[in-house]
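Q: Structure, please.
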Amino acid sequence: MTNRFSKLLQHFLTSYIMGECNYSVNTKASYSTTFYLLLVFLKKEKNINPNKIEIELITKDLIIQFLDWLETQRHVSIRTRNQRLAAIKSFYKYVQVNEPDLLDTCLNILSIKNKKVPNKMISYFSEEEMKLMINYLNEEKNLKLLTMICVLYESASRVSEFISIKLDDLNLNENATITLHGKGNKTRIIPISKELAMLINKYLEDSYINYGDDYLFYSNQKKKYSRFGINYIINQLVEKLHLIYPNYFNGNYHPHSIRHTKATHLYNNSTPLLYIKDFLGHSTITST
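A: A predicted model of the protein is given here:
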């Protein structure tokens, strides 16, 4: 790619979203993947090599074909399809400011609507299930996993936030807190109970080994946990608990289920929705 499309895309993915917009590394990776897939689509389905792509070639109809291809050929979810469209729209908002002669092209692509996402049930653990889980981990004397589950629950952190918690993010004195680093490089400070502060201190004293990066939790490979690793741990734990308590733990759970659980328990205990929104780090009340 040596043309105007190449130059615009390169500047967008480097200087603009990381510098001017201060987007997170995860957002940059997601945007980069979107345009990589677009190049794959153009090569595979339209026989257009990357170095032959002109900005005028990419039309509204072509983008819609690309989004349909993602769904039908790569079997992505509607939610992922909409995320890819959001990345493309962000690029064309940038283009319309920097290349006024492409305004009509940009407006046409920006007019593409998101595909409606079917409503789905949110998975979460009941209060009784959370008690059973914590009691089981206490009985098993699995201090590390107990601490992990309690931090996930009390902080209602996203998995990306949870695996990135470092020792410097902990305040375990009176009025204890954990600082989370969320989407768009936003941070929020979450108050935690004295009991959790004591549990974290016990874990740090009895079980913790620092492998050099100061993360609060390390995997068995002595590295920062991955999303997949946390998902595996949750699934294994739930499977064990379901065998012990067959009338419980019957849902389709994942690490985000614990975040949903905290939010649901707060709501069921009459916590104002605006507080829950801020606690979860949502940008809009609609997400909450």
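Q: Let me see the ranges of the helices in the stretch 51-200 of the chain.
A: Here the stretch 51-200 of the chain has its helices, by DSSP state H, counting those that start in this stretch, at 60-72, 78-98, 103-110, 127-139, 143-155, 159-162, 194-206.
Q: Next, format those as TSV and append mean pLDDT.
A: As requested, the helices of the stretch 51-200 of the chain are arranged in TSV below (pLDDT from 0 to 100):
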stretch	mean pLDDT
helix 60-72	92
helix 78-98	89
helix 103-110	90
helix 127-139	91
helix 143-155	91
helix 159-162	88
helix 194-206	93
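Q: can you redo these as a markdown table with distance to Tyr267 and mean neighbour count?
A: Placement of C-beta: from N, CA and C, glycine included. Output for the helices of the stretch 51-200 of the chain, formatted as a markdown table (distance: least, C-beta to C-beta, whole Å; neighbours: other C-beta atoms under 10 Å):
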| stretch | distance to Tyr267 | mean neighbour count |
| --- | --- | --- |
| helix 60-72 | 33 | 16 |
| helix 78-98 | 23 | 17 |
| helix 103-110 | 35 | 16 |
| helix 127-139 | 12 | 15 |
| helix 143-155 | 15 | 20 |
| helix 159-162 | 20 | 21 |
| helix 194-206 | 21 | 15 |
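Q: now for those helices, which one comes closest to Lys183?
A: Minimum separation from Lys183 across these (C-beta to C-beta) falls at helix 159-162, 8.1 Å.
Q: Are there helices or strands packed against that closest one, and which ones?
A: helix 143-155, strand 177-181, helix 227-244, helix 255-268 (3 or more C-beta pairs under 8 Å, 6 or more residues apart in numbering; DSSP states H and E).
Q: For Thr59, find the nearest of these.
A: Nearest of the helices and strands packed on helix 159-162 to Thr59, taken as C-beta to C-beta: helix 227-244 at 35.4 Å.
Q: who touches that closest one?
A: Outside of helix 227-244, the residues within contact range by C-beta atoms under 8 Å, 6 or more residues apart in numbering are 129, 132-133, 136, 145, 148-149, 159-160, 162-163, 219, 248-250, 253-255, 257-258.
Q: Please apply the same query to stretch 46-56.
A: 1-6, 8, 39, 42-43, 57, 62, 95, 99, 102, 105.
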